[in-house]
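> take this sequence and fold it.
(one chain, ligands or ions: 1)
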Amino acid sequence: MSTSKPRILVTRAIFQSVIDRLSAHFEVESNPDDVLWDRAELLRRMQGKVGVFATGTERMDTELLAQCPELKICANMTVGYNNFDLPAMTAAGVLGTNAPDVLTETTADFGFALLLATARRVTESEHFLRAGLWTRWSYDMFSGAEVHGSTLGIIGMGRIGQAIARRAAFGFGVQVIYHNRSRLDAATEEACKARYVGKQELLQSADHVMLVVPYSAASHHTIGAAELALMKPTATLINLARGGIVDDGALAHALRERIIAAAGLDVYEGEPTVHPDLLTVPNVVLTPHIASATPGTRQAMADLAVDNLIAYLTQGKAVTPLNPEVLARG
Ligand code: DGY
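A predicted model of the protein is given here:
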């Protein structure tokens, strides 16, 4: 039966409530079996769709947009939007939206979990135990790095960086230093007890370095061999941001050669593929991009993407537009 409702594509399996809310306004094509569509299949399914509910991995670029003339909005349920070529979307009159704020505290919790697990060698020692290798207590077994009283260097001091800084300063008595494209105002620095420093000073003086910077061409390989060489040999590195911020091959080498002590990674270059050398070094904690993964937060992220789709396609408004100049064009 034909319908006059605008057509929407939901690219991955998602909460039924998302499908139900969207279905009240649109004809929805979804992917309940969570098949991983390749680009050709995504393009085929985008034909005739005015909106896409996306999960942050569907690349929206000039080539694809040129073949989807009816598309008006692509709504990511993620805060990261490096899958969007925003200038190309703006040129094509396609609104991009993301899902900021709703995942900040959950992601910061996970950053701290990864920091503690890495510094205190939680997974490495668990693997040892599970392998049946624990036969006796000894004074230096799995001796790790202190977190309380240490210096934490945060690269990227947006909402998530600030939430991590508050946990560190007020929960663990950590000295927080940070580096960011632009310095925070004094009140914000005071609220998270963070001191602005240059990147080199941060790398040289931090006991733990946490990466929370968004991915862009400018932040590609923010940490490579040269930066790792500046860090303390006792330091840990945590990447909570995006694959590509760290040169994973250089990191694996630095971990193997003990140029730094340990790393905790939630994101990878080319994920879900992980650099093979990272899989064989013991001093790295590896998690599969789960920093925002709690039911409540994932629901809130998905709900925000739905809010954006409904607001834009029914009223020409958006809650969290990334290229508001498209809105202004009416
Ligand atoms: C985001 O929102 O960008 C996260 O990386 C996805 O969990």
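> ok, residue 73 touching residue 314?
No - look at residue 73 against residue 314 with Cβ atoms under 8 Å: they stay out of range, at 11.2 Å. Just so you know, the C-beta spots here come from the backbone N, C-alpha and C atoms, and that holds for glycine as well.
> could you list the low-pLDDT ranges of the stretch 151-300 of the chain?
Applying pLDDT under 70 to the stretch 151-300 of the chain flags no residue at all.
> tell me which residue in it sits closest to the ligand.
Scanning the stretch 151-300 of the chain for proximity to the ligand using Cβ to the nearest ligand atom identifies residue 292 as nearest, at 3.9 Å.
> quick one, phi/psi of residue 201?
Dihedral angles phi and psi of residue 201 (degrees, to the nearest 10) take the values phi -60, psi -40.
> and if you look at the one 10 residues further on?
Backbone dihedrals for residue 211, given as degrees, to the nearest 10, come out at phi -100, psi 120.
> contact partners for the spatially closest residue to residue 183 that is not a sequence neighbour?
In space, and not counting its chain neighbours, residue 183 is closest to residue 196: 4.8 Å by Cβ to Cβ, 6 or more residues apart in numbering. Listed by Cβ atoms under 8 Å, 6 or more residues apart in numbering, the contact set of residue 196 reads 177-180, 183-184, 189.
> neighbouring contacts of the top helix by length along the chain?
As assigned by DSSP state H, the longest helix anywhere in the chain is helix 295-315. Identification of contacts with helix 295-315 by Cβ under 8 Å, 6+ apart yields 6, 8, 14-15, 17-18, 21-22, 25-26, 50-51, 53-54, 72-73, 75-79, 95, 97, 99, 102-103, 106, 292, 317-321, 327.
> picking up where we left off before, give the bridge partners for the residue nearest to residue 183, please.
Judged by DSSP bridges, the bridge partners of residue 196 are residue 178.
> hang on, the earlier thing: how about the longest helix of the chain: buried residues?
Buried residues in helix 295-315, counted by 16 or more other Cβ atoms under 10 Å: 297-313.
> residues touching residue 211, list them.
Per Cβ under 8 Å, 6+ apart, neighbours of residue 211: 155-156, 222-223, 237-241, 245-246.
> so the residue nearest the centre of the chain: helix, strand or coil?
Closest to where the C-alpha atoms of the chain average out (Cα atoms, centre = their mean) is residue 241, at 4.3 Å. Look at residue 241: counting by DSSP: H, G, I helix; E, B strand; the rest coil, its state is coil.
> helix or strand: which one has residue 264?
Take DSSP states H and E as the rule and residue 264 turns out to sit in strand 262-265.
> tell me the residues of the stretch 51-200 of the chain that contact the ligand?
56, 78-80, 103 (Cβ under 6 Å from any ligand atom).
> rerun at 8 Å
Selection of the stretch 51-200 of the chain residues close to the ligand by Cβ under 8 Å from any ligand atom yields 56, 76-81, 98-99, 103, 107.
> was I right to think residue 244 contacts residue 269?
Yes - at 5.1 Å, residue 244 counts as touching residue 269 under the criterion of Cβ under 8 Å.
> overlap in contacts, the two.
Between them, residue 244 and residue 269 share no contacting residue, judged by Cβ under 8 Å, 6+ apart.
> going by residue numbers, what spans are helices in the stretch 51-200 of the chain?
Remark: helices assigned in the stretch 51-200 of the chain by DSSP state H, counting those that start in this stretch are 62-66, 86-91, 104-119, 122-130, 159-166, 172, 186-191, 199-205.
> mind giving me the domain ranges of this protein?
7-102+295-328, 104-286 (automatic domain parsing).
> chain neighbours aside, what residue packs nearest to residue 18?
Residue 18's closest residue in space is residue 302 (Cβ to Cβ, 6+ apart), at 5.0 Å.
> sorry, back to before: each with direction, which strands does the strand holding residue 264 pair with?
Partners of strand 262-265 in the sheet, by DSSP bridges, are strand 236-239 (parallel), strand 284-286 (parallel).
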